[in-house]
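[1] model this:
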Amino acid sequence: MNKFKLLISSPDGAVFEGDVCKITLRGVEGELAVMAGHIPFITAIKPCECKVEIDEDNEKTAKTDGGLLTVTAEKTTLLSSSFKFNE
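    Residues are numbered from 1 along each chain as shown. Sure, this is the predicted structure:
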């Protein structure tokens, strides 16, 4: 599976930065998933559980209180005032 660069940032700094296969979360218009090659866009994110698929065998879940998701050809960035990976 192809990977893309993901940056998740909070006011405290970068929470996650690396190459991933997919990120799934809730935008203002519903559930969405971003994978490599996704069209560029910007959307607000609602408070939700977020899934980050590092590779086919490694998936992390987290809670976010919402924020802003930006997808470009170079990378995907999630800016959130609170983002915490589940243990």
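
[2] show me where pLDDT drops low in this protein?
    Low-confidence segments of the chain, defined by pLDDT under 70: none present.

[3] how about the strands in it?
    In the chain, strands defined by DSSP state E lie at 4-10, 13-20, 22-27, 30-35, 41-45, 48-55, 58-64, 67-71, 76-79, 83-85, listed in chain order.

[4] got these as TSV, with mean neighbour count columns?
    (C-beta placed from N, C-alpha, C; glycine too.) Formatted as TSV, the entries for those read as follows, by neighbours: other C-beta atoms under 10 Å:
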stretch	mean neighbour count
strand 4-10	18
strand 13-20	14
strand 22-27	19
strand 30-35	13
strand 41-45	14
strand 48-55	16
strand 58-64	15
strand 67-71	18
strand 76-79	20
strand 83-85	16
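
[5] I figured A36 hits L6, correct?
    No. A36 sits out of contact with L6 when judged by C-beta atoms under 8 Å, with a separation of 10.5 Å.

[6] how near is the residue most central in space within the chain to L68?
    When the chain is reduced to its mean C-alpha position, the closest residue under C-alpha atoms, centre = their mean turns out to be I23, at 4.8 Å. Here the criterion is C-beta to C-beta, to the nearest Å. By it, I23 lies 14 Å from L68.

[7] overlap in contacts, those two.
    Residues touching both I23 and L68 by C-beta atoms under 8 Å, 6 or more residues apart in numbering: L78.

[8] tell me who's in contact with L25.
    Under the contact definition (C-beta under 8 Å, 6+ apart), the residues listed for L25 are E31, L32, I45, C48, E49, C50, K51, T64, L69, L78.

[9] for A44, same thing?
    With the criterion set at C-beta under 8 Å, 6+ apart, A44 makes contact with G27, V28, G66, G67, L68, L69.
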